[in-house]
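Colleague: structure, please.
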Amino acid sequence: MRTTTLRISKARVKRERRKEVYYCVTLPKPGGGRTRRFFKFTPEGKREAETFLQIAKVQQINYGTAAFSITDALRSEAVQCAKKLAEHGDGRTLTEAVDFFLAHLQSSENSIAILDAVERLIAKRRDLGRSPRYCNDLRLRLGRFAADFPGTTIGGLTAHQIEGWLGHLPVAAGTRNTFRRDIRTLLSYCEKKGLCRTNEAKKTELATSIDKPVSILTVTQATTLLTECDDQILPYIAISLFAGLRASEVQKLDWSEVDLESALIEVTAAKSKTAKRRLVPISENLDAWIRPLAKIRGPIAPDALRKRFEAVRALAGFQEWPQNAMRHSFGSYRVAICQDVARVSLEMGNSPNMVHNHYREVVRPKQAELYWKIAPAAVGKKVIRFAANSA
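Modeller: Numbers count the residues shown, from 1 in each chain. Sure, this is the predicted structure:
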């Protein structure tokens, strides 16, 4: 097969019934054949032809014969695209622009429906040992998000779409930020799996929430609540008030995990919201409430817990029940009495930052002293207060 080499020569070209002489640069085509470029047969034309030949030789060394197949239209388009990139002033090249587009195109082609991505994330979290409650919470929030984007793939989501959706949620700022956190988790997982190019949720703004103090029970309210309890629900409420376990943790707690001799409650990793084991101290007044009712084993929470709890609240005179009132009460009174945020964070299974932000300086030390002295009388349901500080 004949090989075409780069060279410059003279050629006669017929124009308007006569032949004219030109300088001719011959270029090889990819796959075989040749193409030619003509220059005027003048000293200036010769210099242009020689310059063109030298450039062609350099291009052939760098890119092979494919460099010679660029048409004038393609060259013009490349110049226009380069100008558009230059307008941004960050030195981006055409190669970078093409690489970005191809990566975006590939992620879009490989992407899946948002709901399918949610199910994959939840399955992965379940395999990693996350709790059923955590997985259910993810499904509720992300399922709500996916339902509003039925025709959108996970790779097609934009920060503008996410920001707009979050902005229209009829919820408080803290709840909105929780939705945003879960969407970020979803997109982070998809980014690692190649289902989307970037985590668009990271480009959205956090909602600004007003710092409101947590709602807690007063000493009188806590006392009244305990007084109205029967023996079946009393351990559940006493542990909630004076050990600060989450409602879900108390509901799973067994008497075998309550060690009155060591004055410790074990919250196992399997029953903890954070999937981490912790030991919670049993205060003197909590011991007084639950010791007479203690069992070797068996659930702390009684049957029909919700119905029993609503009845006790009604008897205690509560028209409305503050969210997480018993756990918030424990955190607030505990920090006030011991003045040790790190210690309380370990007992509650929260971060020190969370405890500091929510429970520090919510109640005064004198109120805390009264709270930790709430205890039953030796006979009946009469409430007494200890003389000693049980911090």
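Colleague: quick one: the strands in the stretch 151-300 of the chain, in order.
Modeller: In the stretch 151-300 of the chain, the strands defined using DSSP state E, counting those that start in this stretch lie at 258-259, 264-267, 278-281.
Colleague: quickly list the domain ranges of this protein.
Modeller: Annotated domains of the chain cover 7-69, 114-203, 219-385 [automatic domain parsing].
Colleague: looking at these, which is nearest to residue 87?
Modeller: Checking these against residue 87 by CB to CB gives domain 114-203 as the closest, at 21.9 Å. Where you see a C-beta, it was placed from the backbone N, CA and C, and this is true even at glycine.
Colleague: mean confidence (pLDDT) on the closest one, please.
Modeller: Average pLDDT, domain 114-203: 92.
Colleague: now do the end-to-end distance for that domain.
Modeller: 18 Å (CA to CA, to the nearest Å).
Colleague: give me the distance from it to the chain's centre.
Modeller: 8 Å (CA atoms, centre = their mean, to the nearest Å).
Colleague: for the remainder of this discussion, apply numbering that starts at 544.
Modeller: With the count now opening at 544, the last piece we talked about shows up as domain 657-746.
Colleague: what about stretch 819-830, distance to the chain center?
Modeller: 32 Å.
Colleague: tell me which residues of it are tucked away?
Modeller: For stretch 819-830, the neighbour count (16 or more other CB atoms under 10 Å) marks 821, 823, 824, 825, 826, 827, 828, 829, 830 as buried.
Colleague: between those, which is closest to residue 794?
Modeller: Nearest to residue 794 among the buried residues of stretch 819-830, with distances taken as CB to CB, is residue 823, at 15.3 Å.
Colleague: can you tell me the closest non-neighbouring residue to residue 787?
Modeller: With sequence-adjacent residues excluded and distances taken as CB to CB, 6 or more residues apart in numbering, residue 787 is closest to residue 873, at 3.2 Å.
Colleague: count of residues packed around that neighbour?
Modeller: 28 (other CB atoms under 10 Å).
Colleague: which one of the domains of the chain lies closest to residue 645?
Modeller: The closest approach between residue 645 and any of the domains of the chain, judged by CB to CB, belongs to domain 657-746 at 10.6 Å.
Colleague: in the chain, what spans have low per-residue confidence?
Modeller: Within the chain, the stretches with pLDDT under 70 are 544-547, 573-574, 605-615, 618, 632, 646-653, 753-754, 921-934.
Colleague: what about the longest strand in it?
Modeller: Ranked by residue count, the top strand of the chain under DSSP state E comes out as strand 561-571.
Colleague: sheet-wise, list the partners of that strand with their directions.
Modeller: Sheet pairing of strand 561-571 (DSSP bridges) gives strand 550-558 (antiparallel), strand 577-583 (antiparallel).
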